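Engineer: build me a model from this:
(one chain, ligands or ions: 2)
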Amino acid sequence: MSYYLKKHIAFITKHGKEAVIIPVLEKNLQCYITHVKHYDTDQQGTFTRDIERVDNQLNTARHKARIGMEMSGLNLGLASEGAFGPDPFTGLIPWNREIIVLIDNETKTEIIGEAQGPGNHQHLITSNWSEALTFGKKVGFPDQLIIIRPDHESDNRIIKNITSWDLYEKIFHDVINNSTTGYAFIETDGRAYANPKRMEMIAKATKDLLIKMQSCCPDCGTPGFTVIERFPGLPCKNCNGPTKIFYMDLYACQKCGEHREIRCTDQEWADPLYCDFCNP
Ligand SMILES: [Zn+2]
Ligand SMILES: [Zn+2]
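Structural biologist: Residues are numbered from 1 along each chain as shown. Ligands and ions are numbered 1, 2, ... in the order given. This is a model prediction of the structure:
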């Protein structure tokens, strides 16, 4: 039986994220999710830099979840928060990290679902319509929406909700005519419903959250019995020494402190490729 059976969870959001989050959680956990709409989550920061996010991604999500709980009077609250940046490996690919957090006031625990990968987050500064058109095709417009403003990335004359090529072209020329420099700053819209790739990432983060919400402590039954540490050291097939490959996960319960080490691989030996001794 689901721990969340018939429980009510507040979920504060704008921008259509509820479409990929609510059905998955309600169906699999048999809970009820109360969608808290009457709050402008953009107060916590926007992707267009007109309102800067003051806190980090996780704290912003926690804060939004708590507001939803306060507004609805519920003990369980859910919120998601996304971020774009360069990829952590080469720094060259636009990267998207999505977090979705569940706060439980009864057990005083929180569960964090997470997903990350390449995202659609690009911009172009141009005075030339054919370049703007190429950019639109490259980013997947009009399924992926774009935002235009005159001159530079900080100009506050932002035009959003451009939904067709005709409108895009007309607005592009209007923006150029109203600019000081003759250039337009064009970028992909980061809001969830306007960014299909981001929506996919939110769905992945939701799956991660769901798995963690379904993982209950073997001792006290509290959900969120999850990995807090991973141990490398699967022995090398060649020299028997420890490699960089993970072989054990440490699970912990936030409520009662129960810990368990659980093997995370069926493999007995690691490829010498991952051995610092055999393959320095
Ligand atoms: Zn426990
Ligand atoms: Zn070795």
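
Engineer: spell out which parts of the protein neighbour ligand 1.
Structural biologist: 217, 219-220, 222, 253, 255-256, 258 (Cβ under 5 Å from the ion). In this view, the C-beta of every residue, glycine as well, is placed from N, C-alpha and C.

Engineer: measure how buried Ala10 is and give me the count.
Structural biologist: For Ala10, the neighbour count with other Cβ atoms under 10 Å is 24.

Engineer: quick revisit: which members of the residues of the chain next to ligand 1 are positioned in strands?
Structural biologist: Counting by DSSP state E, none of the members of the residues of the chain next to ligand 1 fall within strands.

Engineer: most neighbours, which of these?
Structural biologist: The residue in these with the most neighbours, by other Cβ under 10 Å, is Cys253 (24 neighbours).

Engineer: I'd assumed Cys217 was in contact with that residue.
Structural biologist: Yes. Counting by Cβ atoms under 8 Å, Cys217 is a contact partner of Cys253 at 3.8 Å.

Engineer: show me what the residue nearest the centre of the chain bridges to in the sheet.
Structural biologist: Centroid-nearest residue in the chain, with Cα atoms, centre = their mean: Glu98, separated by 0.8 Å. Residues in a beta bridge with Glu98, per DSSP bridges, are Gly82, Ala115.

Engineer: who's sitting farthest from the centroid in the protein?
Structural biologist: Checked against the mean C-alpha position of the chain, the extreme residue using Cα atoms, centre = their mean is Cys239, at a distance of 40.8 Å.

Engineer: looking at this, that residue is in a strand?
Structural biologist: No. Under DSSP: H, G, I helix; E, B strand; the rest coil, Cys239 sits outside any strand and is assigned coil.

Engineer: can you tell me the SS state at His63?
Structural biologist: At His63, secondary structure determined by three-state DSSP is helix.

Engineer: surely it is in contact with Asp55?
Structural biologist: Yes. In this structure, His63 is within contact of Asp55 by Cβ under 8 Å, at 6.8 Å.

Engineer: neighbour count winner among these two?
Structural biologist: Between His63 and Asp55, His63 has the larger neighbour count (other Cβ under 10 Å), namely 18 against 13.

Engineer: what about the more buried one, distance to Ile12?
Structural biologist: Using Cβ to Cβ, to the nearest Å, His63 is found at 10 Å from Ile12.

Engineer: which ones are touching Lys7?
Structural biologist: By Cβ atoms under 8 Å, 6 or more residues apart in numbering, the contact set of Lys7 is 31-32, 76.

Engineer: go again using 10 Å as the cut-off
Structural biologist: The contact partners of Lys7, by Cβ atoms under 10 Å, 6 or more residues apart in numbering, come to 29-33, 74-76, 104, 106.
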